[in-house]
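A.B. asks: Got a sequence here, can you build the structure:
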Amino acid sequence: MYAQIDTLVVHFQSHIYSNDAANEIIELIQNDLATIEEAIGIQSIPVTIYVAELIVNGIFSKGNAVYCTMDSIIDNTYREMLVSAYFGGEIEPWQKYGIFAYTWDNESDDIFLKKLRKLTFLFL
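C.D. replies: Here you go, the predicted model:
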């Protein structure tokens with residue numbers, strides 16, 4: 001089962017699909033995409049979200065696609081991967097995290113800077 005609205009395509013694993021849940025999930029994703037666009041002022045490329053009951057190795061993104069669960073959308077843990085998909089995967093890990101943290105202001109500046117330093121060190 002899938003739904004397409006403008007540049008967003010959402011695929012649902014068939015046995016977890018229901019119209020009510022799908023509409024709620026799609027609205028959450030659209031709101032998150034709008035929040036990113038508002039924060040950075042750049043319009044997204046088309047994004048595809050694959051929603052499954054279980055993702056064995058955790059939430060991930062590849063190119064402009066995010067592979068996640070309904071729970072990860074509801075509890076917002078998919079957002080960092082959504083940022084990556086927003087840019088078609090053409091973004092460095094430190095940039096992805098920086099935009100994610102800036103967009104949702106999840107952490108104090110001190111914690112953010114410590115994580116950013118750690119990520120920067122890993123990729124030097």
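
A.B. asks: helices and strands around the lengthiest helix in the chain, which ones?
C.D. replies: The residue-count maximum for a helix in the chain (DSSP state H) belongs to helix 19-40. Applying 3 or more C-beta pairs under 8 Å, 6 or more residues apart in numbering; DSSP states H and E, one finds that helix 19-40 contacts strand 2-5, strand 8-12, strand 47-52, helix 70-74, helix 79-86, helix 93-104. Where C-beta positions appear, they are placed from N, C-alpha and C, glycine not excepted.

A.B. asks: Okay, now the unreliable bits of this structure?
C.D. replies: 106-124 (pLDDT under 70).

A.B. asks: One more pass at 90, please.
C.D. replies: 1-4, 6, 13-22, 39-44, 57, 89, 93-94, 97-98, 101-102, 104-124 (pLDDT under 90).

A.B. asks: Can I get stretch 52-63 as CSV, trimmed to CA atoms?
C.D. replies: Written as CSV, here are the backbone C-alpha positions of stretch 52-63 (Å, rounded to 0.1, in the frame of the first residue of the first chain):
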residue,chain,number,x,y,z
ALA,A,52,7.6,-1.4,8.0
GLU,A,53,6.7,-3.2,11.2
LEU,A,54,10.3,-3.9,12.0
ILE,A,55,13.6,-2.6,10.6
VAL,A,56,16.2,-5.2,11.7
ASN,A,57,19.3,-3.0,11.7
GLY,A,58,17.5,0.2,12.8
ILE,A,59,16.2,3.2,10.9
PHE,A,60,18.3,4.2,7.9
SER,A,61,18.3,6.3,4.7
LYS,A,62,19.6,5.7,1.2
GLY,A,63,19.5,8.4,-1.3
